[in-house]
Each structure stands twice: as C-alpha cells, then as structure tokens.
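Novice: need coordinates for the below:
(one chain, ligands or ions: 1)
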Amino acid sequence: MRSPIPDYLAEVLEEVRGDERGDVADYIPELARANPDLTAIALATVEGSVYCVGEAGREFSIQSMSKPFTYSLALGDQGFDDVAARIGVEPSGEAFNEISLEAGTGRPLNPMINAGAIAAHSLVRASSTAERDRRVLEHYSAFAGRELGVAEEVFESEQSTGHRNLGLGHLMKAFGIIDDDPVDVVNGYIRQCSVSVTVRDLAHMAATLANAGVQPVTGERVVRADVVRHVLSVMTSCGMYDAAGDWLTTVGIPAKSGVAGGIIGVLPGQVGVAVFSPRLDVHGNSVRGIRVMERLSRDLGMHLMEATRPSRSAIRDHRVESVRGEDVTVYELQGDLVFVSTESLIRHAVENPPSTRIVVFDLHRVDEISDVARKMSAEAARRMKLDGHRVVLVDPNGVLPSFDLGDGTTPEYSSSIADIDVSPR
Ligand SMILES: NC(=O)CC[C@H](N)C(=O)O
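Specialist: Model (predicted):
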C-alpha cells in the first residue's frame, strides 16, 4: 500500500498553487529575486516520520522563523527571569519591524518582533560574536537534525539595508537592554535570519518543539520541556505579529512566519508543519502558506482549542473477581492518566466504595501517568488503606514506579492478578 498522506498534501498544494495574490519581500534586495511560484509543504511527526511535497528540496532563508529558536537558547542560557527583565511576552499588535519599545524601560514587547529578537540574540551566552554565531547555528542544526549553513548573499544583502534594525539596536543599547555593541548584535541577528533551510528542515525543527524539545530523529534533547512550553506560548500570542488573533482563531496552533515565505506550525504532542511560498500579504506572512495552514488545521483537526471529547475514561473495567477463594475488587485502567481521568476514577471509587479487603489497580493497559495523576492516586491509595483495604498494583510495564504513599509506606505490587498474595495479614 502507498501512504495516502503525501497524496493528500499534494492535493492541498495544488489547491493553492494558482493563488497569485501578494508580493515577494523586496526590502531585502536578495529576497526580491525569489521565484514567487515556488510552493512546498512538509509535515513531520513526533515519531520522526516526514512527508514533503512541492519544491521541498529548495533552500531559502529562515528569517523570522529563527526567532523562537534563538529565544529558546537565550532562555536556557539565562533563565526565565533574567530574560523577562529584558524582553516581554505581550503581543504587540504591531508590524514585525515596528520601532516600539516599552515606555520607560525600553524593553521590547516580545521576542517575535525584530526588537525582541535582536535582544534575544544578544542574550545568547558567548565570549565573542563568532562564538555566538556558532552557538546559534549549532542550536538550529540540532533542531533540524542536520548541519545548517548561512546564505552569505542574503546576509550581505540585508546587512547593507538593515538600517531599521540597526536603529532598534542603538535604541536598546541606550536603554541598557543590550549590553554588547549594537552593531555586532544586529549583524548577528541578521546572520541568524540568513540561515538556509528547506521545508523538511523546518518541519523537523517544529516537530522538535512539538516533541517537548527532543529531536524526533536523532533523539537529542535540544531544549528543556519547560523552555518549549514558554516558547510555544509566546509563539501562540505573538508569532504572527499583527495577525496573531486572526491566526489563533482560524488556524489555532503556535506558528511563526518569515519574510522569505516560510511558516512553521507546531501541534504539541503530534506534528510540526512547514510551508514555503514567497508571496506575502500586508503583514509579511506567506499568502499560500496561510491557506495551507488553514486547510491542514481544518482537515487534520489541529486547532488547539478544539473542544474534543474529554479524555477517555480511565476505567476500562470494574469488577469483583475471585483469587484463590478470596473476592478482590479490580479496577482495570487504560490510556494516559491525567487530571480528569484520575478524577473520574476517584469519583467512581468514592461513590461505589469497594466492599472487598483487597483492591487491585490493574495498570497493564495504562500508557503514561502524569505527575498530578500520580500524586492524586497516591493520596487515594493512602486513604483506601486508612479505610482498611489492601491496595495492590499490577504494573507489568512499570508505568508507576514505587512511591511513598505519604505515610512512609510504599504500595504493594503484584506481577498479575492471579499472583496476588491473598493470605491474611
Ligand atoms: N519577518 C521577518 O522575517 C523579518 C526578518 C528580517 N531579517 C528582518 O529583520 O527584517
């Protein structure tokens, strides 16, 4: 069988190919030379598979899609508080290159507009500009899972016309937001924007964010999960500049666009997608790219705010079973235990208190137990013990390693229900 997924993506691509609205960016001379008809889509999963259609091997500059990745490096280097002292997390509702800084402090509103991205670049720890450039490039490469390079002609082209960004750099230096030489910092920022990527690279980079910071193919942990959560939050509220609200309602996933025509989107826990097509709308976002994202969101059920069926019930079966002559209550659990599914389990046990001495939680069909679910079940188990029950866990896959019930004791484990020790204690 041939996978239907590339065929589906090809159909989406064909649907937008004829759309000739918008113009390629021309304020960076090198970008004005782009072929406006190129279009490519890539989708990469958190399991490492990737599907590409269109001109997917074509390299183009990452531009502003670099911003979340540099921000993640700065957050890892400096910590949340020190970064927040210099860069806000509020949507600006303004164009990406707006010359606007917070009144009084000179702090850029967020790291997705140029001002904030320049400040974030300056916060990447390094003892020289060359080292900073190298660390940034290595960081992006780790996300992509291959060694990336800089398109020197794009760098030089933007450097020769980057007066607005230089202006922002000087302003922020005057406000003490950046410590280093503003010309060096802005050059470094322009260099990061000039890194060459394909949609395939970008999809893997986005999938690494979707995978809580672990590159799905190489298995490398590139950033901490708490950093990813922070970055995705800021992408959600600020990633599409003055179109962020419209984007969140229609597409509904954290995303970032670049003026070379790329857009990345991240569906946490599932996929990273990337689109490339150089014609831009007035906000500087790819026209065809937006249409592709809208369609994928609709077809693939990607909108984050989709009120889906509540997590599946945790209880697959609740029965009383006889083990060598003794009745035991068995709760057979399933799926991922998160707050709501554990709540429903506890509620069920409160409303229908087990009548047997031994109560068994059979976890062999449970995939994962979240932190809060583990704490809730430990407390519930402790209370069941206080009510006079013996609580036994059947956990052949080791999803719930031994833990303190909160009273200095640990739970009892059994390899199977049939093996439970029913002798009186
Ligand atoms: N939106 C963008 O992609 C802008 C990036 C570009 N390098 C700039 O600073 O103007």
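Novice: only C-alpha atoms for contact and neighbour calcs from this point on.
Specialist: OK.
Novice: burial count for D419?
Specialist: For D419, the number of neighbouring residues by other C-alpha atoms under 10 Å comes to 11.
Novice: for my notes, confirm it occurs in a helix.
Specialist: No: assessed by DSSP: H, G, I helix; E, B strand; the rest coil, D419 does not belong to a helix; its assignment is coil.
Novice: pLDDT score for it?
Specialist: pLDDT, the model's per-residue confidence, is 93 for D419.
Novice: need phi/psi at it.
Specialist: Note on D419: its backbone torsions stand at phi -90, psi 0 [degrees, to the nearest 10].
Novice: got any ranges where the stretch 301-425 of the chain has weak pLDDT?
Specialist: Confidence mapping of the stretch 301-425 of the chain against pLDDT under 70 gives the ranges 307-312.
Novice: redo that, cut-off 90
Specialist: When the per-residue scores of the stretch 301-425 of the chain are filtered using pLDDT under 90, the ranges that remain are 301-314, 335-348, 368, 370-382, 400-411, 422-425.
Novice: report the secondary structure state of L333.
Specialist: L333 - assigned by three-state DSSP - is strand.
Novice: for burial, what's the neighbour tally of the closest residue to T45 other than its chain neighbours?
Specialist: With sequence-adjacent residues excluded and distances taken as C-alpha to C-alpha, 6 or more residues apart in numbering, T45 is closest to V271, at 4.3 Å. The criterion is other C-alpha under 10 Å. On that basis, V271 has 25 neighbouring residues.
Novice: test my guess that V271 contacts G48.
Specialist: No: when contacts are counted by C-alpha atoms under 8 Å, V271 is not listed as touching G48 (9.3 Å).
Novice: how about the strands in the stretch 101-250 of the chain?
Specialist: Defined through DSSP state E, counting those that start in this stretch, the strands belonging to the stretch 101-250 of the chain, from first to last, are 149-150, 195-197.
Novice: show the average pLDDT along the longest one.
Specialist: Yep, that's strand 195-197 we're talking about. Model confidence over strand 195-197 averages 98 on the pLDDT scale.
Novice: ok, now how distant is the most far-flung residue of the chain relative to its centre from V89?
Specialist: Farthest-out residue of the chain from its mean C-alpha position, per C-alpha atoms, centre = their mean: G325, at 51.8 Å. To V89, G325 is 63 Å away according to C-alpha to C-alpha, to the nearest Å.
Novice: show me what contacts G289?
Specialist: Under the criterion of C-alpha atoms under 8 Å, 6 or more residues apart in numbering, the contact partners of G289 comprise G261, G262, I263, V275, F276, S277.
Novice: which residues of the stretch 151-300 of the chain lie near the ligand?
Specialist: Taking C-alpha under 6 Å from any ligand atom as the criterion, the stretch 151-300 of the chain approaches the ligand at residues I190, C193, G258, V259.
Novice: once you drop chain neighbours, what's closest to the last one?
Specialist: If I follow you right, that is V259. Using C-alpha to C-alpha, 6+ apart, the closest residue to V259 is G284 (5.8 Å).
Novice: ok, that neighbour touching G258?
Specialist: Yes: between G284 and G258 a contact is recorded at 7.5 Å, counting by C-alpha under 8 Å.
Novice: and A378, how many residues sit next to it?
Specialist: Based on other C-alpha under 10 Å, the number of other residues close to A378 is 18.
Novice: check contacts around it.
Specialist: F403, D404, L405, G406.
Novice: and for L171?
Specialist: Going by C-alpha under 8 Å, 6+ apart, the list of residues near L171 reads G106.
Novice: look up the pLDDT of it for me, please.
Specialist: 96.
Novice: likewise D281?
Specialist: Among the per-residue scores, D281 shows a pLDDT of 94.
Novice: same thing with A95?
Specialist: In this prediction A95 is given a pLDDT of 84.
Novice: could you report the neighbour count for the residue lying closest to I113 once chain neighbours are set aside?
Specialist: Of all residues beyond its chain neighbours, the one nearest I113 is F96 (4.6 Å), with distances taken as C-alpha to C-alpha, 6+ apart. As a burial measure, F96 scores 22 neighbours (other C-alpha under 10 Å).
Novice: could I have the host helix or strand of L73 exported to CSV, CA atoms only?
Specialist: Secondary structure here is read from DSSP states H and E; on that basis L73 sits in helix 67-78. The C-alpha atoms that make up helix 67-78 are tabulated as CSV, following Å, rounded to 0.1, in the frame of the first residue of the first chain:
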residue,chain,number,x,y,z
LYS,A,67,13.2,33.9,16.5
PRO,A,68,11.7,31.2,18.6
PHE,A,69,14.8,29.1,18.3
THR,A,70,17.2,31.8,19.4
TYR,A,71,14.8,32.8,22.2
SER,A,72,14.9,29.2,23.4
LEU,A,73,18.7,29.3,23.5
ALA,A,74,18.7,32.6,25.5
LEU,A,75,16.1,31.2,27.9
GLY,A,76,18.3,28.1,28.5
ASP,A,77,21.4,30.2,29.0
GLN,A,78,20.0,33.0,31.2
